[in-house]
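Asks: below is the sequence, then the predicted model.
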Amino acid sequence: MIIQANYNKLEEIAKRFEANSEAVAEMQKQVQRVFNNLHDGGWIGRGSDAFFEEMTH
C-alpha cells in the first residue's frame, strides 16, 4: 500500500478549516449577544419562556 500526500492541498484544507472555525466562533458570539438582549427583557411571554428554556439546556 502506498500513501501519498499533497502538502500544498493539505495546507489549503487546513486554512479553510481555520477560516470556517473562525466564522463559526463569530456566529456563536452573535447568537449569544442577541440571546442576551432578548433574555434581558427584549422578549417576554410564553414563547420566550420556551425559547429561553431550550437555549439554556
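Replies: Now that the structure is in, tell me what you want to look at.
Asks: only C-alpha atoms from now on, for both contacts and neighbour counts.
Replies: Noted.
Asks: in the helix or strand harbouring residue 51, what counts as buried?
Replies: Using DSSP states H and E, residue 51 sits in helix 46-56. By neighbour count with 16 or more other Cα atoms under 10 Å, helix 46-56 contains the buried residues residue 52.
Asks: what's the average pLDDT for stretch 41-54?
Replies: The average pLDDT for stretch 41-54 rounds to 93.
Asks: what does that stretch contact?
Replies: Residues outside stretch 41-54 that contact it (Cα atoms under 8 Å, 6 or more residues apart in numbering): residue 39.
Asks: which parts of this structure are helices?
Replies: In the chain, the segments counted as helices under DSSP state H are 7-37, 46-56.
Asks: could you redo those helices as JSON lines and give each row distance to residue 1?
Replies: What follows is the helices of the chain, written out as JSON lines (distance: least, Cα to Cα, whole Å):
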{"stretch": "helix 7-37", "distance to residue 1": "19"}
{"stretch": "helix 46-56", "distance to residue 1": "49"}
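Asks: mean pLDDT lowest for which of those?
Replies: Note on those: lowest mean pLDDT is at helix 46-56, with a mean of 93.
Asks: kindly export stretch 47-55 (C-alpha atoms) in PDB.
Replies: Once non-C-alpha atoms are left out, stretch 47-55 reads as follows in PDB (Å, rounded to 0.1, in the frame of the first residue of the first chain):
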ATOM      1  CA  GLY A  47     -42.900  31.800  23.600                       C
ATOM      2  CA  SER A  48     -39.900  33.500  25.100                       C
ATOM      3  CA  ASP A  49     -40.100  31.200  28.100                       C
ATOM      4  CA  ALA A  50     -40.000  28.100  25.900                       C
ATOM      5  CA  PHE A  51     -37.200  29.600  23.700                       C
ATOM      6  CA  PHE A  52     -35.000  30.500  26.700                       C
ATOM      7  CA  GLU A  53     -35.600  27.100  28.300                       C
ATOM      8  CA  GLU A  54     -34.500  25.400  25.000                       C
ATOM      9  CA  MET A  55     -31.400  27.700  24.600                       C
END
